[in-house]
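Trainee: coordinates only, sequence not included:
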Ligand SMILES: [Zn+2]
């Protein structure tokens, strides 16, 4: 509940009691005074609604053969339509770092902003998402898992990552081997979380060492600790919705995107009239 909603609910309590008697007004003022949320400043927990959207494969139905989960693959024309929607409705696309700055209280993001992210570093993102992002002047964050780079032709090359970075994209880590953080410890955890960060930074510079996203969206306390110890600034979960705050920075909530346009518009444009 936001501070404003809290005040509203307190007022409703008073309103439902009929015309406020002096006593109910006293009770309301007392409740408001006792409730720090109601009267405190804007930066309450969950104070920023900036959906962090997560995409995976952007590919044709034929290329997606075998992938059933609706959040793991999207046709290029649907992705293009979603980006066009953001453009047409003037929905601000901000960088992940800009959102972090705002959550930390070091900056601001425009109302209604969204953040775009891509997991896994698949080549189809370079082929079918990156050109659309460039066309609209949008920025996004890509989370490849580093073991696949320059080895598996279905994934980015380092040269492609560098090119995207130079064009204004952010690169972050998704571990080295794409493994669950709840099943790792010790040297293995270090290699996956710190090792992937060091490799990214050695290839792409310091800017590639800021952000992490959890493979399979799996969260675990030891994952938070390892990400924090490795020197990342924040990490993204996979689900949880549109609201975030600075306390959540080791497991920021996110929104997996599907081809469902109604669901998409409700998330990125909650004020729009239903189509
Ligand atoms: Zn992944």
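Mentor: That came through fine. All values derive from a computational prediction rather than experimental measurement.
Trainee: and the stretch 51-200 of the chain, which of its residues are near the ion?
Mentor: Proximity of the stretch 51-200 of the chain to the ion, by Cβ under 5 Å from the ion, involves residues 119, 120. C-beta here means a position set from N, CA and C on the backbone, and glycine is covered the same way.
Trainee: go again using 6 Å as the cut-off
Mentor: 119, 120, 174, 178 (Cβ under 6 Å from the ion).
Trainee: among these, name the ones in strands.
Mentor: Among those, DSSP state E puts 119, 120 in strands.
Trainee: partner residues bridging residue 115?
Mentor: residue 52 (DSSP bridges).
Trainee: what's the neighbour count on it?
Mentor: 27 (other Cβ atoms under 10 Å).
Trainee: wait, it sits on residue 50?
Mentor: Yes - contact criterion Cβ atoms under 8 Å: residue 115 and residue 50 qualify, at 6.1 Å.
Trainee: for the residue nearest the centre of the chain, give me its contacts.
Mentor: In the chain, the residue lying closest to the centroid (Cα atoms, centre = their mean) is residue 52, at 2.6 Å. Applying Cβ atoms under 8 Å, 6 or more residues apart in numbering, we find residue 52 in contact with 96, 99, 114, 115, 117, 236, 244, 252, 253, 254, 255.
Trainee: buried set for stretch 252-269?
Mentor: Neighbour counts over stretch 252-269 (16 or more other Cβ atoms under 10 Å) mark 252, 253, 254, 255, 256, 257, 258, 259, 264, 265, 267, 268 as buried.
Trainee: actually, stretch 131-142.
Mentor: 132, 133, 138, 139, 140, 141, 142.
Trainee: how about stretch 94-110?
Mentor: In stretch 94-110, the ones that count as buried by 16+ other Cβ under 10 Å are 94, 95, 96, 97, 98, 99, 100, 101, 102, 103, 109.
Trainee: from the residues you listed, which is closest to the ion?
Mentor: Of all the buried residues of stretch 94-110, residue 96 has the smallest distance to the ion: 16.1 Å, by Cβ to the ion.
Trainee: skipping its backbone neighbours, what lies nearest that closest one in space?
Mentor: residue 141 (4.4 Å; Cβ to Cβ, 6 or more residues apart in numbering).
Trainee: thought the one you found was touching residue 125?
Mentor: No - with contact defined as Cβ under 8 Å, residue 141 does not reach residue 125; the gap is 11.4 Å.
Trainee: quick one: buried ones out of the residues of the stretch 51-200 of the chain next to the ion?
Mentor: In these, the ones that pass as buried (16+ other Cβ under 10 Å) are 119, 120, 174, 178.
Trainee: from the residues of the stretch 51-200 of the chain next to the ion, which is closest to residue 151?
Mentor: residue 178 (12.9 Å; Cβ to Cβ).
Trainee: which non-adjacent residue is nearest that closest one?
Mentor: residue 145 (4.2 Å).
Trainee: what do you get for residue 230?
Mentor: residue 194 (4.2 Å).
Trainee: mind listing what the one you found touches?
Mentor: Counted by Cβ under 8 Å, 6+ apart, residue 194 has contacts 226, 229, 230, 231.
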